[in-house]
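Student: Just need the structure, nothing else, for what follows:
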Amino acid sequence: MQWVTLIATLLGALIAMASTVLIEARKDIREARGEWRRSKRELYGGYLATLAQVRSELQLILLDRDMPDADRTVAALRVFARCYDLRYQLEVLAPRAVVEPALTYFRAVRRLRDAVGAGMDRQAVERERFFEDVMDTLRQARDAMRQDMGTDAMAASLSREGNGVSLVQRGPNG
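Tutor: This is a model prediction of the structure:
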């Protein structure tokens, strides 16, 4: 009879310890995934924000009619230089499904930089073509990043759960 009690106690302790280890392992995995998601969110957001700011600054350089051509080239190169750091981080950390469209966007902004630096004709048609290309590639990169992050699926699951978190801002009527 004493052996049965001892074995039952050891078995109970083993089950308790195994369940604790399993719970902790799952918690660690969940935390690691959350940290990875935060890192990618920061990287993707920083990448898009930096290239958008550079795009805007290039547009301002283009519109500055008083700037000499030599200064325009230097200014365009200087503005774009900060994009490389985030590009290399993205190439290392992001999956290929994100890297390819993100690099296409990077290259479109770089072509805009080169055109601005070369004194792109200020004709609206030529300017529009460059900016349309940049905006098209931005949409593709942003969609790939949203897909990788599961942004749409996460928003849908949060709204289904009805946990009070809304990712959509509502207007005054709704």
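Student: Could you use CA atoms for every contact and neighbour count after this?
Tutor: OK.
Student: in the protein, which residue is closest to the centre?
Tutor: Central residue of the chain (CA atoms, centre = their mean): residue 44, 1.7 Å from the mean position.
Student: Leaving out chain neighbours, which residue sits closest to residue 91?
Tutor: residue 99 (5.8 Å; CA to CA, 6 or more residues apart in numbering).
Student: where's the one you found, which helix or strand?
Tutor: Here residue 99 sits within helix 96-117, counting by DSSP states H and E.
Student: now the angle between helix 96-117 and the longest helix belonging to the chain, please.
Tutor: Assignment by DSSP state H gives helix 2-63 as the longest helix of the chain. Angle, helix 2-63 to helix 96-117, by axes from the mean of the first three to the mean of the last three CA atoms, to 10 degrees: 20 degrees.
Student: Which elements pack onto helix 2-63?
Tutor: Here helix 2-63 touches helix 69-80, helix 83-93, helix 96-117, helix 124-149, going by 3 or more CA pairs under 8 Å, 6 or more residues apart in numbering; DSSP states H and E.
Student: Residue 12: which of those helices is closest?
Tutor: Of all these, helix 124-149 sits nearest to residue 12, with 41.1 Å by CA to CA.
Student: For that closest one, buried residues please.
Tutor: 127, 130-131, 133-135, 137-138, 140-146, 149 (16 or more other CA atoms under 10 Å).
Student: With stretch 70-85 instead?
Tutor: For stretch 70-85, a neighbour-count test (16+ other CA under 10 Å) marks 72, 73, 75, 76, 77, 79, 80, 83 as buried.
Student: what does stretch 85-96 give?
Tutor: For stretch 85-96, by 16+ other CA under 10 Å, it's 86, 87, 90, 94.
Student: Low-confidence regions, the protein specifically.
Tutor: Judged by pLDDT under 70, the chain has its weakly predicted residues at 1, 121-125, 153-174.
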